[in-house]
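Novice: here is a sequence together with a model predicted from it:
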Amino acid sequence: MFFKNFKVWETELAGRKLTLETGKMAGLANASVLARYGETEVLCNVTASAKPREGVDFFPLSVDYEEKMYSVGRIPGSFQRRESRPSEKAILTSRCIDRPIRPLFPKDLRNDCSVVATVMSVDPDCSPEVTAMIGVSAAIAISDIPWDGPISGVNVGLVDGEIVINPNLEQRAVSDLVLTVASTADLVAMIEAGANEVDDETMLKAIEAAHEENKKIVEFIKGIVAEVGKPKFEYESSDPDPEIMAEIEEFCIEDVKKALDTDDKTVRDAALLPIYEAVHEKFDERFEDNTAKIDEIMYLVQKHVVRAWLKDEHKRVDGRGIDDIRPLNAEVDLLARVHGSGMFTRGQTQVLSIATLGPMNDAQQLDGLDEQTEKRYIHHYNFPSYSVGETKPSRGPGRREIGHGALAEKALVPVLPSIDDFPYAIRVVSEVLSSNGSTSQGSICGSTLALMAAGVPIKAPVAGISCGLITGDEGVYGDFMTMVDIQGLEDFYGDMDFKVAGTKKGITAIQMDLKVHGLTFDIIKEAFAKTHKARNYILDEIMLPVISEPRAELSPYAPKMVTLTINPDKIGDVIGKGGKVIQEIQEEYDVKINIEEDGRVYISGLDVDKCNGAAEVVRLIATDPEVGAFYNGVVTRIMSFGAFVEIAPGKEGLVHVSRLDVKRTEKVEDVVNVGDSIIVKCIEIDDQGRINLSRRDALIELEGMTPENDLEEEEKNRKPRRDGGRGHGHHHHRNDKKD
């Protein structure tokens with residue numbers, strides 16, 4: 001056999017076949033696994049550099065989830081017709097894979113490591129994200145790269161109150177929960193969730209169900225490792241020399257404690273500067289071969305102080321109690337001309353969110369691997385350097401900013417009104433003005449305020465809060481403590497940032513970041529209880545007193561929306577040849593018109609009267625003329641025998657000269673001219689579809705005028721008309737007229 005190392009392993013996951021293959025593809029990578037779940041196939045490769053990267057104090061891991069459009073049988077829609085920058089969903093999936101695998105690498109490893117998961121085939125019923133996570137775990141586990149895995153990941157849905165592992169396409173469409181859980185054999189390593197106000201108990205049961213399924217796949221991968229796993233390579237540890245560490249700590253620890261003991265980040269940073277200078281002045285010359293390690297040692301000294309305070313003394317750097325929240329403030333209407341604005345401040349963290357409403361054709365178009373083609377609600381999160389007192393040019397959002405924006409979006413989508421109830425595209429931008437921890441949760445609170453101020457009728461307000469964790473020195477989980485509303489240092493030096501957003505009724509979003517291998521269910525239960533209590537306090541005491549419910553009226557600067565439904569067969573008539581009819585309506589009434597394939601029409605503009613006027617025109621175009629109905633028409637042509645009147649774009653009828661007025665009319669121009677607006681009544685539609693109109697009847701019936709002549713007698717005396725064979729009252733489109 002050509003591929004002598006080719007092997008295939010097979011198991012079952014949620015009732016569908018899962019296979020992992022190795023030994024055939026990408027032979028030069030440290031390890032390669034082709035993961036196949038149903039007909040979804042993801043090639044997972046992992047590589048590591050032979051030597052550590054110089055001058056870094058972190059583990060340089062990169063995770064890339066690559067979406068290939070050929071996997072769903074499509075050619076990319078870009079100008080170059082090739083995949084370019086990763087989609088937002090690809091970035092979020094990369095982060096989702098990164099979070100559970102990163103803590104399992106040695107903390108002192110500095111070799112570059114690259115993980116690439118390439119989606120090559122997609123079965124809509126079998127998640128490529130889950131397939132990639134399992135394939136990546138297997139690839140790292142069998143490689144020679146040091147790692148304390150494997151892990152497994154699954155999706156969980158909630159369909160008709162029942163927990164479903166890896167729901168298929170049909171189940172996902174009606175699920176009240178979109179949950180991803182990654183686990184080691186013993187611990188929950190990652191949680192990412194979006195939910196329709198799911199209660200804590202149900203969420204915990206869903207996580208437990210996922211963990212049980214994950215344990216089976218972890219054992220499956222362990223069996224593969226036992227068969228083909230490579231010995232892990234030796235590496236040069238980056239840990240500082242213990243003697244240097246002890247000497248520097250003894251020299252500066254008391255000064256570090258004094259510097260850290262403040263609730264003001266600016267004061268703390270200023271107090272630490274002279275300590276750093278003193279340490280370098282004393283130790284640089286003595287340890288010239290290790291000067292790059294001195295700052296790393298200073299980081300470890302601060303970490304030791306903060307963790308010891310929390311764990312042993314239940315003391316927080318800003319003096320708060322373990323379950324106390326920093327001082328809070330909420331405001332709305334900070335910006336004059338925007339559609340809605342809200343600012344949320346928590347300690348030194350401050351986020352200003354701005355809501356913008358637009359017509360439905362402002363919805364974001366998506367070109368991804370799943371069935372979602374557009375996004376009505378868009379949430380963007382910006383984290384400028386000034387928010388942390390630094391100077392750095394803006395280069396667009398990074399993966400962190402995209403992730404935080406997506407988390408806020410996930411938290412708020414479940415409470416948004418339906419398109420039928422509120423036919424707007426909605427964009428919220430969260431500008432981080434100052435950051436000292438939990439900006440993503442601040443953006444959720446600020447965005448709730450902005451949406452309510454903008455008049456978006458959300459079902460319930462949403463608040464977000466984070467919970468931190470300190471475990472035993474060696475990750476001993478029986479000896480842990482949690483704290484609510486972690487600030488920057490507690491996030492930086494702690495073991496967990498467990499973010500939970502929701503309404504008073506239930507959870508709408510979860511994101512969990514860990515620096516340890518995973519969590520026990522006791523920790524998760526405690527985090528749920530503390531965050532639930534905290535977000536209820538934020539809602540009741542801080543946010544709702546500022547704005548208790550969504551405003552009944554939109555901002556005068558927001559577009560007004562009128563909706564109607566027409567026969568889908570009439571959409572072509574409304575659009576007109578080359579879009580001429582719809583463009584003329586939009587220009588005349590200063591509106592935007594968006595028409596869905598099912599006949600729903602959305603008309604938006606700043607003036608509601610103009611929106612209603614445009615809607616009436618659309619309704620006229622899409623409705624066949626009715627005998628007995630009255631119309632406001634415009635005279636388009638004048639003949640000796642009468643006037644042609646347009647009662648709707650593309651629809652004309654003839655008002656015979658005898659029916660132009662309540663008195664005898666000798667000459668059409670004596671009564672009307674081209675361009676005049678007149679009220680007419682439809683009196684006949686003949687078998688050829690020609691429309692006959694009467695201004696005379698309209699004047700008599702609507703304005704109570706009395707006829708001054710006998711119409712039947714007058715018509716008898718008039719000579720037969722001659723119109724050159726063109727025939728009057730043809731129902732035709734203006735677009736077909738000759739100039």
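Specialist: Looks like it arrived, so ask away. Residues are numbered from 1 along each chain as shown.
Novice: separation between residue 376 and residue 354?
Specialist: In this structure, residue 376 and residue 354 are 18 Å apart, going by Cβ to Cβ, to the nearest Å. C-betas here are computed from N, CA, C, even on glycine.
Novice: these two: who's more crowded?
Specialist: residue 354 (23 against 19; other Cβ atoms under 10 Å).
Novice: so who does residue 534 touch?
Specialist: Applying Cβ atoms under 8 Å, 6 or more residues apart in numbering, one finds that residue 534 lies in contact with 323, 325, 465, 484-485.
Novice: quick one, helices of the stretch 551-700 of the chain?
Specialist: With DSSP state H, counting those that start in this stretch as the definition, the stretch 551-700 of the chain shows helices at residue ranges 571-575, 580-589, 608-622, 695-703.
Novice: closest one to residue 233 among these?
Specialist: In this view, the helices of the stretch 551-700 of the chain are compared for proximity to residue 233 by Cβ to Cβ, and helix 571-575 is the closest at 64.0 Å.
Novice: pLDDT of that closest one, averaged?
Specialist: The average pLDDT within helix 571-575 is 92.
Novice: repeat for stretch 207-219
Specialist: For stretch 207-219, the per-residue pLDDT averages 98.
Novice: that older thread, so for residue 461, which of the helices of the stretch 551-700 of the chain sits nearest?
Specialist: Checking the helices of the stretch 551-700 of the chain against residue 461 by Cβ to Cβ gives helix 608-622 as the closest, at 27.5 Å.
Novice: pLDDT on the closest one, on average?
Specialist: Here helix 608-622 scores 92 as its mean pLDDT.
Novice: count the neighbours of residue 385 for me.
Specialist: Taking other Cβ under 10 Å as the criterion, the count of residues near residue 385 is 11.
Novice: can you tell me the element the nearest residue to it once chain neighbours are set aside falls in?
Specialist: Here the nearest residue to residue 385 in space, its sequence neighbours aside, is residue 392; by Cβ to Cβ, 6 or more residues apart in numbering that works out to 3.8 Å. Using DSSP states H and E, residue 392 is not contained in any helix or strand.
Novice: I'd guessed residue 392 sits against residue 398; true?
Specialist: No - Residue 392 lies out of contact with residue 398 (Cβ atoms under 8 Å); the separation is 11.1 Å.
Novice: quick check: the gap between residue 46 and residue 162.
Specialist: Counting by Cβ to Cβ, the separation of residue 46 from residue 162 is 37 Å.
Novice: same drill for the two, tell me which one is more crowded.
Specialist: Set side by side, residue 46 and residue 162 show unequal neighbour counts under other Cβ under 10 Å, the larger going to residue 46 at 28 against 8.
Novice: for that one, give me phi and psi.
Specialist: For residue 46, the backbone dihedrals (degrees, to the nearest 10) come out as phi -130, psi 140.
Novice: show me what contacts it?
Specialist: For residue 46, the contacting residues are 29-32, 113-116, 136, 139-140, 143, 145, taking Cβ under 8 Å, 6+ apart as the criterion.
Novice: what's the burial count for the nearest residue to it once chain neighbours are set aside?
Specialist: By the measure of Cβ to Cβ, 6+ apart, the closest residue to residue 46 outside its immediate chain neighbours is residue 139, 4.7 Å from it. Here the number of neighbours of residue 139 (other Cβ under 10 Å) works out to 30.
Novice: how about the one 5 residues further on?
Specialist: Per other Cβ under 10 Å, the neighbour tally for residue 144 reads 15.
Novice: ditto for residue 581
Specialist: Other residues within reach of residue 581 by the criterion other Cβ under 10 Å amount to 23.
Novice: could you measure it against residue 624, distance?
Specialist: Here residue 581 is placed at a distance of 16 Å from residue 624 (Cβ to Cβ).
Novice: likewise residue 241?
Specialist: Where residue 624 is concerned, residue 241 sits at a distance of 89 Å (Cβ to Cβ).
Novice: can you list the buried residues in the longest helix along the chain?
Specialist: With secondary structure taken from DSSP state H, the chain has its longest helix at helix 200-228. With burial defined by 16 or more other Cβ atoms under 10 Å, the residues of helix 200-228 counted as buried are 200, 202-203, 206-207, 209-211, 213-214, 217-218, 220-222, 224.
Novice: low-confidence ranges in this protein?
Specialist: Along the chain, segments meeting pLDDT under 70 span 1, 290, 473-478, 712-739.
Novice: could you check how far the residue nearest to residue 46 is from residue 48?
Specialist: In this view, residue 139 and residue 48 are 12 Å apart by Cβ to Cβ.
Novice: which residues touch stretch 658-668?
Specialist: Residues beyond stretch 658-668 that count as contacts (Cβ under 8 Å, 6+ apart) turn out to be 638-640, 642-643, 657, 671-672, 683, 693-697, 699-700, 705-709, 711, 714-715, 718.
Novice: let's see the ChimeraX selection covering just the buried ones among the residues you listed.
Specialist: Command for ChimeraX, covering only those of the contacts of stretch 658-668 found buried under the criterion 16+ other Cβ under 10 Å:
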select :638,639,642,643,657,671,672,683,693,694,695,696,697,699
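Novice: the closest residue to residue 575 other than its chain neighbours and residue 615, how far apart?
Specialist: Distance criterion Cβ to Cβ, 6+ apart; nearest residue to residue 575, sequence neighbours excluded, is residue 582 at 4.9 Å. Counting by Cβ to Cβ, the gap between residue 582 and residue 615 amounts to 13 Å.
Novice: same check, this time on residue 140
Specialist: Residue 140 sits at a distance of 59 Å from residue 615 (criterion: Cβ to Cβ).
Novice: just the helices in the stretch 401-550 of the chain please.
Specialist: Chain-ordered helices for the stretch 401-550 of the chain, with DSSP H, counting those that start in this stretch as the definition, fall at 439-453, 488-493, 521-537.
Novice: which of residue 140 and residue 615 has more residues huddled nearby?
Specialist: Neighbours were counted for residue 140 and for residue 615 using other Cβ under 10 Å; residue 140 has more, 26 against 20.
Novice: alpha carbons of the helix or strand that contains that one, as CSV, please.
Specialist: Under the criterion DSSP H and E, the helix or strand holding residue 140 is helix 128-142. These are the backbone C-alpha positions of helix 128-142, laid out as CSV (Å, rounded to 0.1, in the frame of the first residue of the first chain):
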residue,chain,number,x,y,z
PRO,A,128,-18.1,21.7,10.7
GLU,A,129,-17.2,23.7,13.8
VAL,A,130,-17.7,20.6,16.0
THR,A,131,-15.9,18.4,13.5
ALA,A,132,-13.0,20.8,13.4
MET,A,133,-12.7,21.0,17.2
ILE,A,134,-12.6,17.2,17.5
GLY,A,135,-10.1,16.9,14.6
VAL,A,136,-7.8,19.5,16.0
SER,A,137,-7.8,17.8,19.4
ALA,A,138,-6.9,14.5,17.8
ALA,A,139,-4.2,16.0,15.7
ILE,A,140,-2.5,17.8,18.6
ALA,A,141,-2.9,14.7,20.8
ILE,A,142,-1.1,12.3,18.4
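Novice: right, I'll leave it there.
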